[in-house]
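Novice: pasting the sequence and the predicted coordinates here, then a few questions.
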Amino acid sequence: MTNSPWLSLSDAITAMLSQARPVSATEQIDVTQAKGRVLATAVTASINVPPSDNSAMDGYALKSMNGNSGQSLIVVGSVFAGASTLPTVKPGQCVRIMTGASIPPDCDTVVIQENVTRQGDTITLHADSPPLANIRQTGSDIAQGDILFNAGHRLTATDNMLLSSIGLAKVTVYKAVTIGLLATGDELIEAGHPLAAGQIYESNRTGVAALLNDWQVNLINFGIVVDQPEVLKTTLAQAQELCDLVISSGGVSVGDADFVKDILDELGEVGFWKVAIKPGKPFAFGQLGKAIFCGLPGNPVSACVTTEQLVVPLLRHLQGESNIDGSHRLTLRAKVTTAIKRRAGRLDFQRAIFTQSADGTLEVTPLAKQSSGVMTSFAEANCYMLIPASTDNLQSGDWVDIQPFSLADITRP
Ligand SMILES: Nc1nc2c(c(=O)[nH]1)N[C@H]1C(S)=C(S)[C@@H](COP(=O)(O)OP(=O)(O)OC[C@H]3O[C@@H](n4cnc5c(N)ncnc54)[C@H](O)[C@@H]3O)O[C@H]1N2
Ligand code: MOO
């Protein structure tokens, strides 16, 4: 592994993915519980969907040779969804049919009821009904033998629907990744307790845990650990026994109470320690005994940015998801609305607000407070605005990349 002091974000992700071996253990779980889990085996359709030709609409099934506008036909029966015996339909006849009902063998078209007039048992067509009109053909959604998903695919809610539609009750997925999370710092105190002089409330675990929980993980909370190397060592040694991935926050920089990197060096191996992103420069990655280790910087915004930009792609890789790389997040182009003075050096993740103008152009305005200790600008922002490491000052109207926090934010003013 490289010990380069300043890796680019993409080199850091590449280094992590090549070092970390994905979980190999698998389990069978109910499809109803599978959203967000990663398939360990491909899923092949064992049946056609739909399994038989059926009606897409409520109306009348008939032969298309009788399906011209103006034609009158005798209604000889009804077919409901679920019916297993189907009526015989002769030339000049039709059957009433409901959406989802199987098409009788003699019929090849369905006319919707809005396009007929019915008097007693006779209908008259007011529109042509060509072959296959309003018929969902056998296997038109899924053909028997189709590969629906390959191993390494992360299931969505609608994927679960698809799996259920082929009658699958269980799927084989990779076992959930177990993550140990701890915060370091003598100044930190749990929410709900009174603050003494010099203390602050510990907040990083709350945010980091919430970000990670979006990915269906097992989280073990190792609490707040004081700035004493022996205590930290004991906690980390215990965590690597129980976890696939251990994540700490704080103590990763160069202060006299920043022990994380040295302990990683002692108990395991430091892969890299500095990434050219802002915020989030001090980020320790390596092997800690049996577990992969990520040491997040203590500043809250830095902890969130490094979780989203570095830990999440690593986690997705550990979970067995295929094709993960540095471009794992949705990135759009937007015009910056204000000039920004800065020095080239690190890839900057500024908290910003994006909007869409009447002509469809996305515009983005960075928030004034960009310090990595300021959480309120996260609450106001709806995206990250990215300024490449090589870019100096930006002029109003320059194009930049943005990463929306969530798709729902696209409509936020
Ligand atoms: N001389 C230098 N000093 C610093 C550098 C540097 O390169 N040279 N880097 C700065 C940067 S950038 C960052 S980011 C921080 C990261 O430092 P640590 O990871 O060692 O973090 P701490 O010193 O423990 O804490 C930083 C800051 O964040 C608060 N904090 C820590 N943990 C939590 C938590 N769980 N919840 C809420 N707040 C937390 C802590 O009280 C500090 O204020 O180092 C800079 N220094
Ligand atoms: O990298 Mo620090 O995270 O710039 O505040």
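Specialist: Now that the structure is in, tell me what you want to look at. Ligands and ions are numbered 1, 2, ... in the order given.
Novice: if I look at the residue of the stretch 151-300 of the chain found nearest ligand 2, how far off is Ser203?
Specialist: Scanning the stretch 151-300 of the chain for the residue nearest ligand 2 gives Pro279, at 3.1 Å (criterion: Cβ to the nearest ligand atom). C-beta coordinates here come from the backbone N, C-alpha and C atoms, glycine included. With distances taken as Cβ to Cβ, to the nearest Å, Pro279 is found 15 Å from Ser203.
Novice: and what of Gly295?
Specialist: Distance from Gly295 to Ser203, by Cβ to Cβ: 17 Å.
Novice: so which of the two has more stuff around it?
Specialist: For Gly295 versus Ser203, neighbours defined as other Cβ atoms under 10 Å are more numerous around Gly295 (29 against 15).
Novice: that one against Ser248, yeah?
Specialist: Yes - using Cβ atoms under 8 Å, Gly295 is in contact with Ser248, at 5.1 Å.
Novice: tell me the SS of Ala15?
Specialist: helix (DSSP: H, G, I helix; E, B strand; the rest coil).
Novice: can you report how many residues lie near it?
Specialist: Ala15: 19 neighbours (other Cβ under 10 Å).
Novice: okay, it: pLDDT?
Specialist: With respect to pLDDT, Ala15 has a value of 96.
Novice: with the one 5 residues further on instead?
Specialist: At Ala20, the model reports a pLDDT of 97.
Novice: who are the neighbours in contact with it?
Specialist: Ile292, Leu314, His317, Leu318 (Cβ atoms under 8 Å, 6 or more residues apart in numbering).
Novice: that one and Arg96: what is the separation?
Specialist: Applying Cβ to Cβ to Ala20 and Arg96 gives a distance of 61 Å.
Novice: cool, Gln395 as well?
Specialist: 68 Å.
Novice: neighbour count: those two, which is higher?
Specialist: Arg96 (20 against 9).
Novice: for stretch 378-392, measure first residue to last.
Specialist: Using Cα to Cα, to the nearest Å, one end of stretch 378-392 lies 24 Å from the other.
Novice: got it, and stretch 395-406?
Specialist: Taking Cα to Cα, the first and last residues of stretch 395-406 lie 27 Å apart.
Novice: now stretch 119-126
Specialist: For stretch 119-126, the end-to-end distance is 14 Å (Cα to Cα).
Novice: give me the residues contacting it.
Specialist: 60, 67-76, 94, 111, 115-117.
Novice: who wins on neighbours among those?
Specialist: Highest neighbour count within the contacts of stretch 119-126, by other Cβ under 10 Å: Cys94, with 34 neighbours.
Novice: tell me what that residue is bridged to.
Specialist: Cys94 has the following beta-bridge partners by DSSP bridges: Val75.
Novice: next one: it from Gly59, what distance?
Specialist: Distance from Cys94 to Gly59, by Cβ to Cβ: 9 Å.
Novice: name the residues contacting each of those two.
Specialist: Contact with both Cys94 and Gly59 is made by residues Val111, according to Cβ under 8 Å, 6+ apart.
Novice: contacts only, for the residue in the stretch 301-413 of the chain positioned nearest to ligand 1.
Specialist: Relative to ligand 1, the nearest point of the stretch 301-413 of the chain is Ser302 (4.1 Å; Cβ to the nearest ligand atom). Taking Cβ under 8 Å, 6+ apart, we find Ser302 in contact with Pro279, Gly280, Lys281, Pro282, Leu296, Ser372.
Novice: so what's the residue count around the fifth one?
Specialist: Read that as Leu296. So Leu296, with other Cβ under 10 Å, has 29 neighbours.
Novice: so it makes contact with Val305?
Specialist: No - taking contacts as Cβ under 8 Å, Leu296 lies outside contact range of Val305: 9.2 Å.
Novice: please enumerate the shared neighbours of those two.
Specialist: Gly280.
Novice: which secondary structure state is assigned to Lys369?
Specialist: Taking three-state DSSP as the rule, one finds Lys369 in the coil state.
Novice: pretty sure it sits against Ala379.
Specialist: No - with contacts counted by Cβ under 8 Å, Lys369 stays clear of Ala379, the gap being 11.1 Å.
Novice: remind me, longest strand of the protein?
Specialist: Taking DSSP state E as the criterion, the chain has its longest strand at strand 347-356.
Novice: name the element the nearest residue to Asn66 once chain neighbours are set aside belongs to?
Specialist: Take Asn66 and drop its neighbours on the chain: the residue closest to it by Cβ to Cβ, 6 or more residues apart in numbering is Leu73, 5.9 Å away. Using DSSP states H and E, Leu73 sits within strand 72-79.
Novice: run the chain-centre distance for that strand.
Specialist: 49 Å (Cα atoms, centre = their mean, to the nearest Å).
Novice: pop the domain breakdown of this protein in here.
Specialist: Following automatic domain parsing, the chain resolves into domains at 9-24+176-318, 26-49+140-174, 54-136, 332-411.
Novice: for Asp325, which of the ones you listed is the nearest?
Specialist: Nearest to Asp325 among the domains of the chain is domain 9-24+176-318 (6.7 Å), distances taken as Cβ to Cβ.
Novice: ends of the closest one, what's the gap?
Specialist: Span of domain 9-24+176-318 from end to end, Cα to Cα: 18 Å.
Novice: please renumber the chain so that the first residue is 44 from this point on.
Specialist: Taking 44 as the first residue, the last one we looked at is domain 52-67+219-361.
Novice: okay, and for the stretch 144-293 of the chain, where does confidence drop off?
Specialist: Counting by pLDDT under 70, the stretch 144-293 of the chain shows no low-confidence range.
Novice: please enumerate the strands of it.
Specialist: Here the stretch 144-293 of the chain has its strands, by DSSP state E, counting those that start in this stretch, at 152-155, 159-162, 165-168, 178-179, 190-192, 213-217, 221-227, 231-232, 243-244, 261-268, 288-292.
Novice: check the chain for me, the residue farthest from its geometric middle.
Specialist: No residue in the chain sits farther from the centre than Gly163, which is 55.0 Å out by Cα atoms, centre = their mean.
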